[in-house]
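K.L.:
Any chance you can model this:
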Amino acid sequence: MRRAYLEDAEWDELLESFPQAHLLQTAGWAEFKAPFGWSSARVRSANACAQILFRSLPLGLSIAYLPKGPVGENWEELIPHIERLCRARKAVFLQVEPDLTEPLPAELLQGVFADFKREEHTIQPRRTILVNLERTEEELLAAMKQKTRYNIRLAEKKGVQVRQSSDLRGFYRMMQTTAKRDGFALHDFSYYQHVFQVFEPRGKCALLEAHLDNQPLAYLMVFLHRERSWYFYGASDDESRNLMPTYLLQWEAMRWAKARGAASYDLWGIPDEDEEVLERDFTSRSDGLWGVYRFKRGFGGVVACSAPAFIKVYRPLIYKAYQIYRAQKQAGLDAAS
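P.N.:
Numbers count the residues shown, from 1 in each chain. Predicted coordinates:
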């Protein structure tokens, strides 16, 4: 194996060899996660590389997380080095969430991940909707649901405009409104502030604001890395939803990403159900991610299901205790919500 540790600039230069690499494998993502208790380490082989995040536990232990990686091919050459690193960091377990879609190749299941435990519940959303940006704007609009096109045009007709913004306080206030209305958990302000401060100067993030007469109506934070783009965070107020600002925001986010070379736009998160179930039940359900599925399905993308997580346990007794702790913590959060 080549030199394991690479500085941020070296790492991102290496990722340039892989135009489909995920944002969560970039040096910027490691920098973003650092203030929230995560450190990073990187390994590489001839044809693959991986950035692993570590979170410290008591007694010098840690947990290891590999989001949306490894990157490249011939992972069987890389996995032993990843595991060696995890053991050196006294990891209780390693959780790998590959940047692949189902169904997975047999050689991965029977080879690379043969000694791993398959885990259906992932940290990152498993199902999403992907919009192909390698089309003209006219083709993109034509692929959308008629109601979605209508709402985009309605927002424009009513005078709603979209601009880039740096008003993170305004964005966060509206996120608080949205979280309360839609019942989802919200990070502290510092979380969104830091992700913007890391990626916006790199040209990999924009905060888009929909406004009418300079009055903000909705916000969207879009991310970009090479040929891929993602919608991670969005917020809207309670009073202006009839102006359809969120529809126009999504359209402008796609245009922003497309103009910068993105070939795909990831709407990032829908209910983890087969497409047949999604289409059957979306009109009657609004819990969890069902409400956003109704919205996201209109933009002309395709449903994609990413790979499950794969877990390698190094310290079984401590892992069991960790699972109990996590379950109790989640139960407390559910009871408080």
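
K.L.:
Next, please give the residue ranges for the helices of the chain.
P.N.:
8-15, 27-33, 79-88, 106-107, 137-143, 146-157, 168-182, 189-199, 245-259, 275-281, 290-296, 316-336 (DSSP state H).

K.L.:
Can you flag the weakest of the ones you listed by average pLDDT?
P.N.:
Lowest mean pLDDT within those: helix 316-336, a mean of 77.

K.L.:
residues touching Asp8, list them.
P.N.:
Counting by CB atoms under 8 Å, 6 or more residues apart in numbering, Asp8 touches Ala27, Ala30, Glu31. No exception for glycine: its C-beta is placed from N, CA and C like everyone else's.

K.L.:
Mind doing that once more with 6 Å?
P.N.:
Neighbouring residues of Asp8 by CB atoms under 6 Å, 6 or more residues apart in numbering: Ala27.

K.L.:
Relative to Gly288, how far out is it?
P.N.:
According to CB to CB, to the nearest Å, Asp8 and Gly288 sit 36 Å apart.

K.L.:
before we move on, back to that, of the helices of the chain, which approaches Pro70 most closely?
P.N.:
helix 79-88 (7.6 Å; CB to CB).

K.L.:
Show me which parts of the closest one are buried, residue by residue.
P.N.:
Within helix 79-88, the residues that count as buried by 16 or more other CB atoms under 10 Å are Ile79, His81, Ile82, Glu83, Leu85, Cys86.

K.L.:
tell me which strands and helices it is in contact with?
P.N.:
Judged by 3 or more CB pairs under 6 Å, 6 or more residues apart in numbering; DSSP states H and E, the packing partners of helix 79-88 are strand 38-44.

K.L.:
The strand it packs on: partners in the sheet, and parallel or antiparallel?
P.N.:
strand 48-56 (antiparallel) (DSSP bridges).

K.L.:
what's the average pLDDT for the strand it pairs with?
P.N.:
For strand 48-56, mean pLDDT rounds to 97.

K.L.:
Give me the contacts around it.
P.N.:
14, 25, 37-43, 62-66, 69-72, 74-75, 78, 82, 89.

K.L.:
And the contacts of stretch 67-86?
P.N.:
For stretch 67-86, with CB under 6 Å, 6+ apart as the criterion, the contacting residues are 1, 18, 21-22, 24-25, 41, 43, 45, 47-50, 64, 94, 97, 99, 111-112.

K.L.:
And the buried ones among the residues you listed, selectable in PyMOL?
P.N.:
Filtering those down to the buried ones (16+ other CB under 10 Å) takes a single PyMOL command:
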select buried, resi 18+21+22+24+25+41+43+45+48+49+50+64+94+97+99+112
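
K.L.:
what's the closest of the helices of the chain to Cys305?
P.N.:
Closest approach to Cys305 among the helices of the chain (CB to CB): helix 275-281, 8.8 Å.

K.L.:
and that closest one, how far out from the chain's middle?
P.N.:
Computed by CA atoms, centre = their mean, to the nearest Å, the chain-centroid distance of helix 275-281 equals 23 Å.

K.L.:
Give me the neighbour count for the nearest residue to Ser229 once chain neighbours are set aside.
P.N.:
Nearest non-adjacent residue to Ser229, counting by CB to CB, 6 or more residues apart in numbering: Ala257, 3.5 Å away. Close neighbours of Ala257, defined as other CB atoms under 10 Å, add up to 25.

K.L.:
Excluding chain neighbours, what is closest to Arg163?
P.N.:
Per CB to CB, 6+ apart, closest to Arg163 is Glu209, 5.7 Å.

K.L.:
typo on my end, it should be Pro70
P.N.:
That would be Ala50: by CB to CB, 6+ apart, it lies 3.9 Å from Pro70.

K.L.:
Which strand residues bridge the one you found?
P.N.:
Val43.

K.L.:
follow-up on the earlier one: PyMOL command for the buried members of the contacts of strand 48-56?
P.N.:
The following PyMOL line selects those of the contacts of strand 48-56 that are buried, judged by 16+ other CB under 10 Å:
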select buried, resi 14+25+38+40+41+42+43+62+63+64+65+66+69+70+71+72+75+78+82+89
